[in-house]
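build me a structure from this.
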Amino acid sequence: MAMKQKLQDLTLLLQKSRKAQVIAGCCLFGILFLLFSDNGQHRRRPVAPQPFQAAKGVGEFGENEAFDDLTTSIIRKQEEHDSEMKVLRTTLEDMRVERKEDQERSAQIFKKLISVLNSREAASGQSAPSAPGVSPEPIDIQPNVPLEETDSLVPIEDDAPVEVAPPPAPVDPRVAVISPADSVRVQLLSGVNAPTDGTPYPTVFKLVSDVTGPDGSSLPLGEARIIAAAQGSLTDQRVLYRLTKLSIRLPDGSRQEVTIDGWIVGEDGIRGMQGNLIDPLGKALLGTAYTGFIGGLGTGISDANSTTITNEDGGIQTFVTGNTAQYALGQGLSQTASQYSQIIQERLRSLKPVVQVYSGRQATAVFSQSADIPFLYEALEGDEFDVFPTSLD
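Below is the predicted model:
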């Protein structure tokens, strides 16, 4: 019973399973092969070695091909050379033609010039052509005035005494010098609102003391003027100065302009002068807050009198459901606040913080480079001011 069931299962498996069918077919093929195959061993016949025959014409073909390539290359180069020579011959022929034309034009020009000159000479009667073979008449070289004696001397210049110009006055080598690290007390004559973006603003200082140097040396310059460039510093709220020009009036009334360099030290001994910071940022923030409040108020009024609906495709539609006048008022306030906010932002970009310093304040000017003041020593001689020798070079 069990064997019969197994045979039925095997039959169903062969009918339904492709894999089982393939395996059964392979087994059946193997059984048939074993049954009908010859059990004797087949002997392999030795394969007779085939004689190697070299390819005929290979080397000969390579030599012929190389020779043909060489011949083709030589012919091509010869053709290129012939074409170049043809171009050169054409160019030379063109140059000969142009040269011949130039010579003909030059000859015509010279002929015209000669004819014009001959016509002018014939019209003026200055020169007449002489007959061929006849020499012109000799020119009389004897002067009408009798010649002087050969042994007499002819004066070249006038015998009158020549006045010699006096020698120039000696130049005084002494020159007044402002040395580096010299200082002078100054007073600010022009206040300044120095911008903090690095733009230099001009200012004027007045000297209120003598220029002092090492070992108590001094140089009196009176109430000279100093031109300086001012820049504001946003970090410490100070105005920084750089000295550029020094204008001096000498005791004899003459004026001099000297190029200088240096800086200003304030009353507190720090470089620059303490000032008041004027920053438009505070006003801009206040204006922005005001416009934001107005814009929010207008938006709230318009939203309270309208209904906004968002469609399925993302579109937004607004319908006025309340008082139309209030809705219009809210929209107007909102738009006005937005425009005013944009104006404030644009104005804020153009405005720069400045540091303000009023005039009348005193400070100390320190020189960083040497400056020569010529003729100052001569102008001060005999004057009431005293110049120390240590301040002169």
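
so where do the helices sit in the protein?
Ranges of helices in the chain, per DSSP state H, are 2-16, 18-36, 58-124, 281-304, 324-350, 376-380.

check the offset of the third one from the chain's centre.
When you say that, I think you mean helix 58-124. 49 Å (CA atoms, centre = their mean, to the nearest Å).

so the nearest residue to L376 once chain neighbours are set aside bridges to which residues?
Spatial nearest neighbour of L376, chain neighbours left out: A176 (4.0 Å); criterion: CB to CB, 6 or more residues apart in numbering. C-betas here are computed from N, CA, C, even on glycine. Counting by DSSP bridges, A176 forms beta bridges with I373, L392.

ok, D268 - contacts?
Q274 (CB atoms under 8 Å, 6 or more residues apart in numbering).

likewise for the one 5 residues further on?
Taking CB under 8 Å, 6+ apart as the definition of contact, the neighbours of M273 are 188, 238-239, 241, 264, 266-267, 357, 361, 363.

make it 6 Å
M273 sits next to 239, 266, 357, 363 when contact means CB atoms under 6 Å, 6 or more residues apart in numbering.

can you put the helices of the chain in JSON lines and add mean pLDDT, distance to E257 and mean neighbour count?
Listed next are those as JSON lines, based on pLDDT from 0 to 100; distance: least, CB to CB, whole Å; neighbours: other CB atoms under 10 Å:
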{"stretch": "helix 2-16", "mean pLDDT": "75", "distance to E257": "119", "mean neighbour count": "10"}
{"stretch": "helix 18-36", "mean pLDDT": "79", "distance to E257": "114", "mean neighbour count": "10"}
{"stretch": "helix 58-124", "mean pLDDT": "85", "distance to E257": "63", "mean neighbour count": "10"}
{"stretch": "helix 281-304", "mean pLDDT": "75", "distance to E257": "41", "mean neighbour count": "15"}
{"stretch": "helix 324-350", "mean pLDDT": "77", "distance to E257": "36", "mean neighbour count": "14"}
{"stretch": "helix 376-380", "mean pLDDT": "74", "distance to E257": "13", "mean neighbour count": "18"}
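
check contacts around D313.
Counting by CB under 6 Å, 6+ apart, D313 has no contacts.

right, and N276 touches Q356 too?
Yes: counting by CB atoms under 6 Å, N276 touches Q356, with 4.6 Å between them.

these two - which one has more neighbours?
Looking at N276 and Q356 with other CB atoms under 10 Å, you find the greater number of neighbours at Q356, namely 15 against 11.

surely the more buried one touches V192?
No: using CB under 6 Å, Q356 is not in contact with V192, being 7.6 Å away.

low-confidence ranges, the stretch 101-250 of the chain, go.
Within the stretch 101-250 of the chain, the segments meeting pLDDT under 70 span 125-162, 169-173.

correct me if wrong: I178 contacts S368.
No: judged on CB under 6 Å, I178 makes no contact with S368 at a distance of 10.5 Å.

okay, these two: which has more neighbours?
The neighbour comparison of I178 against S368 (other CB under 10 Å) goes to I178, with 21 against 13.

so what's the residue count around the nearest residue to I316 once chain neighbours are set aside?
The spatial neighbour of I316 that comes closest, neighbours along the chain excluded (CB to CB, 6+ apart), is T310 at 5.5 Å. Neighbours of T310 under the rule other CB under 10 Å: 9.

which pLDDT value goes with T310?
pLDDT, T310: 75.

what distance do you get for it to T321?
16 Å (CB to CB, to the nearest Å).

and F29, by the same measure?
From F29 over to T321 (counting by CB to CB), the distance is 91 Å.

how near is T308 to P220?
Counting by CB to CB, the gap from T308 to P220 is 83 Å.

bridged to the spatially closest residue to F367 that is not a sequence neighbour, which residues?
Using CB to CB, 6+ apart and skipping the chain neighbours, the partner closest in space to F367 is G262 (4.3 Å). Beta-bridge pairing for G262 (DSSP bridges): L243, F367.

and what of R249?
Beta-bridge partners, per DSSP bridges, of R249: R255.
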